[in-house]
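Asks: sharing a model prediction with you, sequence too.
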Amino acid sequence: MSDRTSSISTPNGKSSELPVLSGTHGPDVLDVRGLYKDTGHFTYDPGYATTASCKSAITFIDGDEGVLLYRGYPIEQLAEHSTYLEVCYLLMYGELPNPQQSEEFNSIISHHTMVHENIRDFINGFRYDAHPMAMLVGTIGALSSFYHDSLDINNPLHREISAQRLIAKMPTIASYCYNHYRGLPFMYPDNSLSYVENFTRLMFAVPAEEFEPNPVAVKALELIMILHADHEQNASTSTVRLAGSSGANPFASIAAGVASLWGPAHGGANEACVNMLDAIVNSGETIEKTIARAKDKNDPFRLMGFGHRVYKNFDPRAKLIQKMCHDLLNELGGDTPMFELARKLEEATLADEYFIERRLYPNVDFYSGIIFRALNIPMNMFTVMFAMSRTVGWISHWMEMHEDPEGRIGRPRQIYTGAAKRDYPV
Ligand code: SDX
């Protein structure tokens, strides 16, 4: 318990001594759990902009300084030195693996990459033109019906094997959604390849030909996946926690996270951003006109890939992705006009009072779509890529929640603004 408190008095003459809690980094927190009992008042915070929903040791963001730490390690250092599976181990277990732990973890993941053959039939049941995110959210939820041996959420071993299965099977399922959409055969995983190499093979190989992973593409995807792995209590992670807090099984909880990520204000922004850039290029609209539309309160148009609830400085991931984008286009060629437009949009906003005043900067979704396009990944797969990368973050938070002694079912309150109590007319 904290020995520091903050006193609050309410208009009804009551008061409360709120404990002040501190974390390793970040602002102090007023513990308001006793507020209603002491004062008869709720707190009100739509969108939870200033509400800490839980204690977590996984990721820390300093939005003013543009800092992102996974278990204390700066994202820039992990992006330069780590691999996605090493980051998965770090996020799940809290420490970087030693060589033996790394070998064991990679082997476990490799040997869970296949899915039940019925999953093929399940995905083939979708319409030919189903959006891959619609297929993904349904299929992840359906995994609950295949793994009855590991659904006891109170068993730490069941929680761990479910986490490993989800991380291992996401690339396979993502590639099935992609190949169903293209009408091409589903490929089997190849355990002789690395996690990301295997994903490129699942996505782009065909049974009729040999396949060699492109090292440039693998390097770009490894970075993209590391940068998207986790991000504190964002909308989809909070959805996973809230779903999981009722005792829902891990597959149902992660399916809820996939559904939340799909929204264009969240993980759907990468697809929305490339659609926006495409529309600007095709319409010949000037940068000035685009910026003016984004600022016009009467126009619902927003600059996709800009702004962030927490980052009021550059999203550190956007800086890393922008550099990778530039290097990739130099190596592979690709949509340079779109990249140049993105750069000009970014430059224009940095000099524009509206964006400066509101501290709106490019976020992780601003450049990622251009990289996916350069890698021949179609737009309707962009958010699937985000979901595949974020699975480890979601499941790490789900595991942490179940280990939290203060964990309880999430049940927010409200300000009721409806009709006053009234009798039924008889
Ligand atoms: C992700 O939370 C996470 O960590 C998410 C994420 C992760 O890794 O999990 O980082 C991934 O979701 C990144 C964000 C991707 N979304 C987009 O790029 C969509 C476009 N951006 C926005 O819609 C918006 O910026 C949000 C949703 C990201 C943040 O919304 P907030 O914090 O609720 O901010 P707001 O909507 O209250 O906006 C504040 C002001 C408003 O103007 P005023 O009413 O004060 O005059 O800024 C304006 C907004 O109109 N504004 C924008 C804008 N974003 C905010 N104006 C033009 N273009 C934009 N993109």
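Replies: Ah, there it is. Numbering: from 1, shown residues only.
Asks: what are the ranges of the helices in the stretch 151-300 of the chain?
Replies: Secondary structure of the stretch 151-300 of the chain by DSSP state H, counting those that start in this stretch: the helices cover 156-182, 195-204, 215-227, 235-245, 250-261, 269-283, 287-295.
Asks: pick the most buried one from those helices.
Replies: Between those, helix 250-261 has the highest mean count of neighbours, a mean of 25, where neighbours are mean count of other C-beta atoms under 10 Å. Just so you know, the C-beta spots here come from the backbone N, C-alpha and C atoms, and that holds for glycine as well.
Asks: what mean pLDDT would you report for it?
Replies: Here helix 250-261 scores 98 as its mean pLDDT.
Asks: returning to that earlier point: same list (the helices of the stretch 151-300 of the chain) but as JSON lines, adding distance to the ligand.
Replies: Below are the helices of the stretch 151-300 of the chain laid out as JSON lines (distance: least, C-beta to the nearest ligand atom, whole Å):
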{"stretch": "helix 156-182", "distance to the ligand": "16"}
{"stretch": "helix 195-204", "distance to the ligand": "19"}
{"stretch": "helix 215-227", "distance to the ligand": "9"}
{"stretch": "helix 235-245", "distance to the ligand": "6"}
{"stretch": "helix 250-261", "distance to the ligand": "8"}
{"stretch": "helix 269-283", "distance to the ligand": "3"}
{"stretch": "helix 287-295", "distance to the ligand": "4"}
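Asks: could I get the ones you listed as CSV with distance to L143?
Replies: Below are the helices of the stretch 151-300 of the chain laid out as CSV (distance: least, C-beta to C-beta, whole Å):
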stretch, distance to L143
helix 156-182, 7
helix 195-204, 17
helix 215-227, 20
helix 235-245, 14
helix 250-261, 4
helix 269-283, 24
helix 287-295, 40
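Asks: the ones you listed: which one's closest to P27?
Replies: Smallest distance to P27 across those (C-beta to C-beta): 18.3 Å, for helix 235-245.
Asks: and the closest one with helix 250-261, angle?
Replies: Orientation of helix 235-245 against helix 250-261 (axes from the mean of the first three to the mean of the last three C-alpha atoms, to 10 degrees) gives an angle of 150 degrees.
Asks: CA atoms of helix 235-245 as PDB?
Replies: This file holds the C-alpha atoms of helix 235-245, laid out as PDB (Å, rounded to 0.1, in the frame of the first residue of the first chain):
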ATOM      1  CA  ALA A 235      -7.600  -0.500 -27.600                       C
ATOM      2  CA  SER A 236      -7.100  -4.100 -28.700                       C
ATOM      3  CA  THR A 237      -4.900  -5.100 -25.800                       C
ATOM      4  CA  SER A 238      -7.400  -3.600 -23.400                       C
ATOM      5  CA  THR A 239     -10.100  -5.600 -25.200                       C
ATOM      6  CA  VAL A 240      -8.200  -8.800 -24.700                       C
ATOM      7  CA  ARG A 241      -7.800  -8.000 -21.000                       C
ATOM      8  CA  LEU A 242     -11.500  -7.100 -20.600                       C
ATOM      9  CA  ALA A 243     -12.600 -10.300 -22.500                       C
ATOM     10  CA  GLY A 244     -10.100 -12.400 -20.500                       C
ATOM     11  CA  SER A 245     -11.100 -10.900 -17.200                       C
END
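Asks: name the helices or strands packed onto it?
Replies: The contact analysis (3 or more C-beta pairs under 8 Å, 6 or more residues apart in numbering; DSSP states H and E) places helix 235-245 against helix 250-261, helix 382-403.
Asks: what's the last one packed up against?
Replies: Put plainly, it is helix 382-403. Packing partners of helix 382-403 (3+ C-beta pairs under 8 Å, 6+ apart): helix 84-93, helix 132-142, helix 156-182, helix 215-227, helix 235-245, helix 250-261, helix 269-283, helix 365-374.
Asks: same question for the lengthiest strand in the chain, mean pLDDT?
Replies: Across the chain, the strand with the greatest residue count (assigned by DSSP state E) is strand 15-21. Across strand 15-21, the average pLDDT comes to 97.
Asks: quickly run through the sheet partners of the helix or strand just after it, with directions.
Replies: Next helix or strand after strand 15-21 toward the C-terminus (DSSP states H and E): strand 29-30. Applying DSSP bridges, strand 29-30 is found paired with strand 15-21 (antiparallel).
Asks: quick one: distance of the strand it pairs with to the chain centre.
Replies: For strand 15-21, the distance from its own C-alpha centre to the chain's C-alpha centre is 33 Å (C-alpha atoms, centre = their mean, to the nearest Å).
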